[in-house]
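Participant: next comes the sequence, and after it the predicted model I'd like to discuss.
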Amino acid sequence: MNDKGINNLSIQTRVEELNDFALLHRKFGNLAFRAIQKNNFYSGFAVGMERITKLIKEGNFDIEAFQQNPVEGVREFIHGYFADRGGNIPDFWAEENTVFLETKFCKNCLTIEAEKLAKQCHEDVCAIYCRTFAKGIVSVLEDFFPEIVIYFFSRSQFPFLSFPIP
């Protein structure tokens, strides 16, 4: 995995990455955002694989418990990533079959700080950058638990994950 992405808490790295996004946007227009989304999704997926492997090795991932309550399992999995990473942690909660991840009032968010220093960035860069990364992390669970299907939605700055309970 490269040294860029949300896992890297260096402001310099974040500014460089946003400048790269701006360059792609200048050269390819809005088509660049599809590529940026894919990049961040796959980066998140790699982090999700690392996370589930680490939890299993430590004996901290109970497959049966996850299958009993996948909503809470998804919430714990993604919240655990942000808690382990430190820095800016979104609010997480679950209601029925929906896990909410609220990023609306982020404090100490490196992306917000980096946007102040970077060249022109698209106003929705956080939606493309952070949300697709989070989607990638959680998508790992779909592969290991094919009985669940996760739908990922974004409403303004209020993304959420929802899936049918098996």
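Facilitator: Perfect, I can see it now. Everything numeric here is computed off the predicted structure, so don't read it as measured data.
Participant: lowest average confidence, helix or strand, in this protein?
Facilitator: strand 158-162 (a mean of 45; mean pLDDT, DSSP states H and E).
Participant: my read is N8 is in a strand, agree?
Facilitator: No: applying DSSP: H, G, I helix; E, B strand; the rest coil, one finds N8 to be coil, outside a strand.
Participant: name the nearest residue to it, sequence neighbours excluded.
Facilitator: Spatial nearest neighbour of N8, chain neighbours left out: R14 (7.3 Å); criterion: CB to CB, 6 or more residues apart in numbering. For glycine as for every other residue, the C-beta is placed from the backbone atoms N, C-alpha and C.
Participant: over to T132?
Facilitator: Leaving aside its sequence neighbours, T132 sits nearest to N40 (CB to CB, 6+ apart; 4.2 Å).
Participant: that neighbour and I56: what is the separation?
Facilitator: Taking CB to CB, to the nearest Å as the measure, N40 and I56 are separated by 25 Å.
Participant: likewise for S43?
Facilitator: 21 Å.
Participant: which of the two has more residues huddled nearby?
Facilitator: Higher neighbour count among S43 and I56: S43, with 21 against 13, using other CB atoms under 10 Å.
Participant: which strand or helix spans the more buried one?
Facilitator: Using DSSP states H and E, S43 maps to helix 31-58.
Participant: for the closest residue to V47 other than its chain neighbours, grab the count of nearby residues.
Facilitator: In space, and not counting its chain neighbours, V47 is closest to I137: 5.5 Å by CB to CB, 6+ apart. Using other CB under 10 Å, I137 has 26 neighbouring residues.
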